[in-house]
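>>> Need the 3D shape of this:
(one chain, ligands or ions: 1)
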Amino acid sequence: MAKLWAGRTSGEIDPAAESYNRSISFDKRMWREDITASVAHAKMLKKQGLIPAEAADRIVSGLWGIMEDIESGRLVIDSACEDIHSFVEAELTAREGEAGKMLHTARSRNDQVAQDLRLYLRGEGMETRKLVLDLITALMEKAYEEKATVMPGYTHLQRAQPVTFGHHLMAYAMMLSRDAGRLDDALRRMDESPIGACALAGTTYDTDRRFEAELLGFSAPMRNSLDAVSDRDYAVELLSALSLIMTHLSRFSEEIILWSSWEFRFISLSDAYSTGSSIMPQKKNPDMAELTRGKTGRVYGDLIALLTALKGIPLAYNKDMQEDKEAVFDAFDTVKAALTVFAPMISTMRVLRDNMRLAAQRGFINATDLADYLTCRGMPFRTAYKLVGEIVTYCSENGLTLEELGIEEYKKRSELFEQDLYAAIDIDTCCFKRTSLGGPTPESVDTQIAWLREKLGL
Ligand code: ARG
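Take a look at the predicted model:
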C-alpha cells in the first residue's frame, strides 16, 4: 500500500514499525465520520472555488458511494492501510482518479482526525446519555413501586435507621442524573469544530471554516489552530464523566451482590440477568453486577491512560495522540454495555419486601427514635442518647428488641416513658414520620420522582 507520505521518504519502512504505526484496527470505527467530514470539506472547497466544481461533485458522490458500500458490506476496510483517513482517501482516488486527489486541499490528517473524533464522540456521548436516562427511568419506576417498602438503611454496613427501598433507589437515580448533566456539559463544551486548522497553522487558501463547521452541526469553528489540533480535553471530560458513571454503577453493583446473597435476601435477580455455577446446583450468581464492578477499573484506566498520554506532549500534534482513541472507545463500549444490562436487570428484579422489613425490625434500628421520644419529653438529647444506649445493651444481652422490653423496665429507667413509646418506635412510624425534606417517606419518594422527571424532561 502506497503511503500518504510517500515522497518524503524513499526507504521502505520496517514491517514491524509499519504495523506499530497503524491505527486502522481501531480507528476504522470512525469511517462514517471520516466520510461525512470529507463530504463537508469537499463542499467547502467547491463553494470557495478552491477546486473545480465538477471535481468536488465527483468527490461527494464518490464518498457517498464508499459509505453505501461499507454499509452494505460490499467494501471491506483494508487493514493494511495506516488509518481510516488514508483508507477513505485511497479508495476515493481509486474510484474517482484525479478528483480524489484534490480532497486533501487545505486539510491535514491532524485537523481531520480531530474533527472525526469529535463527531464520533459526540454521537457516543449522546447515546450514553440516553442509556443513563433509560436507567434513571427504570429506577424511578421501581422506586414508585417500592416507595412504602421499609428496609434498613446502613452506615458502616451496620443497620442504622429505617428507610424505604424507593428512597434508596432514588439515591442512585439522583447520582445518575448528575452523570447525565456531566455528559451534557462535556457535549456543550465540545461543540466547536477543529477542521480548517490544517496541520497546525491554518492555511493560505481562502477557506470558510464557519461553513464547514455548520455543515457538520457544530456551532462554531475553534478559535486557535494550535488548540484545535492539540486539544483532547473533551475526551478527558467524557472519560471522567464515564468514570463517575462506573463509580455509581459499581457501588450499586456491590449492593445488588449483597442483597442477592442468602445473608441478606432482599432481592432476587431475574434468571435473565444471573448465571448458574458449573458445579454447585443451588447457585444463582449476580454476574452482571460483579462484571460491572470489575469493569469499573478499566474505565478508570482509560481515563488515566489518556491524561498521561497528554501530559508531556508539546504543541501541536504528536503521534502519542493516536493513543486517545483506544482509551475512549473502550470506555464508551464498557459503559454502554453496563448501562444496557443494568436497566432491565433493575426492572426485572424481585423485591423480597418481607425480608427487608424483617431486617429493619432487628438491629435496634429504632434506637434513635427512642432517644428522640425522650428528647421530645424534655430530656436533653445527649442524656437520652446515653440512656437508650444502656437500654440497647440490656436488651441485647437479654435477647430482646426494644419493642419487646416491658413498660416497667422502661419506667425503671425514666419516668418520661409512657405506653405510647411503643407507637413511637414502631418501624413504620420511624420511617414514615421522617418527613423532613429529602427524607425516606413514600410522599418524599413521589416528590423526588416528580422533581427528577421534570428536571430531565422524562
Ligand atoms: N492515525 C492518526 C491518529 O490517530 C491520524 C493523524 C495522523 N497525523 C500525522 N501527522 N501522522 O492520530
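>>> Report pLDDT for the closest residue to Asp428 other than its chain neighbours.
In space, and not counting its chain neighbours, Asp428 is closest to Val150: 6.7 Å by C-beta to C-beta, 6 or more residues apart in numbering. All C-beta spots, glycine's among them, are computed from the backbone N, C-alpha and C. What the model reports as pLDDT for Val150 is 97.
>>> is Val150 in a bridge, and if so with what?
Counting by DSSP bridges, Val150 forms beta bridges with Thr164.
>>> That one contacts Arg357, correct?
Yes - in this structure Val150 lies within contact range of Arg357 using C-beta atoms under 8 Å: 5.3 Å.
>>> Need the overlap of contacts for these two.
Residues touching both Val150 and Arg357 (C-beta atoms under 8 Å, 6 or more residues apart in numbering) are Ile427.
>>> So those two - more neighbours on which side?
Applying other C-beta atoms under 10 Å to Val150 and Arg357 shows that Val150 carries more neighbours, namely 25 against 17.
>>> Could you pick out the residues of the stretch 201-350 of the chain near the ligand for me?
Within the stretch 201-350 of the chain, the positions adjacent to the ligand are 317, 319, 321-322 by C-beta under 6 Å from any ligand atom.
>>> Would you tell me what helix or strand the closest residue to Val388 other than its chain neighbours is located in?
Counting by C-beta to C-beta, 6+ apart, the nearest residue to Val388 once its immediate chain neighbours are dropped is Ala371, at 4.5 Å. Element membership for Ala371, per DSSP states H and E: helix 367-376.
>>> what packs against that helix?
Counting contacts by 3 or more C-beta pairs under 8 Å, 6 or more residues apart in numbering; DSSP states H and E, helix 367-376 is packed against helix 381-397, helix 421-424, helix 427-432.
>>> Pull the most distant pair out of the residues of the stretch 201-350 of the chain next to the ligand.
Farthest-apart pair in those is Tyr317 and Gln322; separation 9.6 Å (C-beta to C-beta).
>>> Tell me the residues on the stretch 1-150 of the chain that lie near the ligand, please.
Checking the stretch 1-150 of the chain against the ligand by C-beta under 6 Å from any ligand atom, the hits are 23, 27, 83, 109-110, 113.
>>> Switch those over to CSV; also include pLDDT, neighbour count and secondary structure.
Formatted as CSV, these follow (pLDDT from 0 to 100; neighbours: other C-beta atoms under 10 Å; DSSP: H, G, I helix; E, B strand; the rest coil):
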residue, pLDDT, neighbour count, secondary structure
Ser23, 98, 20, coil
Asp27, 98, 25, helix
Asp83, 97, 24, coil
Arg109, 97, 20, helix
Asn110, 98, 21, helix
Val113, 98, 26, helix
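>>> For those, could you give me CSV that also reports distance to Leu310?
Below are these laid out as CSV (distance: C-beta to C-beta, whole Å):
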residue, distance to Leu310
Ser23, 17
Asp27, 18
Asp83, 19
Arg109, 18
Asn110, 15
Val113, 15
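>>> Closest to Lys46 out of the residues you listed?
Nearest to Lys46 among these is Arg109, at 21.2 Å by C-beta to C-beta.
>>> Where does the closest residue to that closest one other than its chain neighbours sit, in terms of helix or strand?
In space, and not counting its chain neighbours, Arg109 is closest to His85: 5.2 Å by C-beta to C-beta, 6+ apart. Element membership of His85 [criterion: DSSP H and E] is helix 84-96.
>>> elements contacting that helix?
helix 24-27, helix 31-47, helix 53-72, helix 109-145.
>>> And the shortest one, what's buried?
It stands for helix 24-27. By 16 or more other C-beta atoms under 10 Å, the buried positions in helix 24-27 come out as 24, 27.
>>> Off-centre distance for it?
Counting by C-alpha atoms, centre = their mean, to the nearest Å, helix 24-27 is centred 23 Å from the centre of its parent chain.
>>> ok, now which ones touch Phe342?
Residues near Phe342 by C-beta under 8 Å, 6+ apart: 135, 138, 249, 252, 288, 292.
>>> residue boundaries of the helices in the stretch 101-250 of the chain?
109-145, 165-189, 209-215, 225-230, 233-259 (DSSP state H, counting those that start in this stretch).
>>> shouldn't Leu135 be in contact with Ala343?
Yes - between Leu135 and Ala343 a contact is recorded at 4.4 Å, counting by C-beta under 8 Å.
>>> Between those two, which has more neighbouring residues?
Ranked by neighbour count (other C-beta under 10 Å), Leu135 and Ala343 place Leu135 first, with 27 against 19.
>>> And the more buried one, how far from Ala338?
The gap separating Leu135 from Ala338 is 9 Å, by C-beta to C-beta, to the nearest Å.
>>> Please tell me I have it right and His167 contacts Val445.
Yes - the pair His167 / Val445 is scored as a contact, 5.6 Å apart, by C-beta under 8 Å.
>>> Now do the shared contacts for the two.
Common neighbours of His167 and Val445 (C-beta under 8 Å, 6+ apart) are 143, 147.
>>> residue in the stretch 301-450 of the chain nearest to the ligand?
As assessed by C-beta to the nearest ligand atom, the ligand sits closest to Gln322 within the stretch 301-450 of the chain, at 3.7 Å.
>>> give the contact list for Ala53.
Residues near Ala53 by C-beta under 8 Å, 6+ apart: Lys46.
>>> Which parts of the stretch 251-400 of the chain are helices?
Secondary structure of the stretch 251-400 of the chain (DSSP H, counting those that start in this stretch): helices at 287-311, 323-348, 353-361, 367-376, 381-397.
>>> and the longest one with helix 233-259, angle?
Following axes from the mean of the first three to the mean of the last three C-alpha atoms, to 10 degrees, one obtains 30 degrees for the angle between helix 323-348 and helix 233-259.
>>> can you give me the angle helix 323-348 makes with helix 165-189?
Using the same axes, to 10 degrees, helix 323-348 lies at 150 degrees relative to helix 165-189.
>>> What pLDDT is listed against the closest residue to Glu290 other than its chain neighbours?
Using C-beta to C-beta, 6+ apart and skipping the chain neighbours, the partner closest in space to Glu290 is Ile257 (6.3 Å). We have a pLDDT of 97 for Ile257.
>>> Could you pull up the residues touching the closest residue to Gln322 other than its chain neighbours?
For Gln322, ignoring the flanking residues on the chain, the nearest one in space by C-beta to C-beta, 6+ apart is Ser23 at 5.1 Å. By C-beta under 8 Å, 6+ apart, Ser23 lies in contact with 82-84, 322, 325.
>>> Now the buried members of the residues you listed.
Using 16+ other C-beta under 10 Å, the buried members of the contacts of Ser23 are 82-84, 322, 325.
>>> got the contact list for the helix or strand bottoming out on mean pLDDT in the chain?
Every helix and strand of the chain was ranked by mean pLDDT, DSSP states H and E. The lowest is helix 427-432, at a mean of 90. Contacts with helix 427-432, where a contact means C-beta under 8 Å, 6+ apart, come from 150, 161-164, 357, 360-361, 365-366, 368-369, 423, 440-442.
>>> Downstream of it, the next helix or strand is which one?
Next along from helix 427-432, by DSSP H and E: helix 442-456.
>>> May I see the PyMOL selection of the buried members of the residues of the stretch 201-350 of the chain next to the ligand?
To isolate the buried ones among these in PyMOL, judged by 16+ other C-beta under 10 Å, type:
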select buried, resi 317+321+322
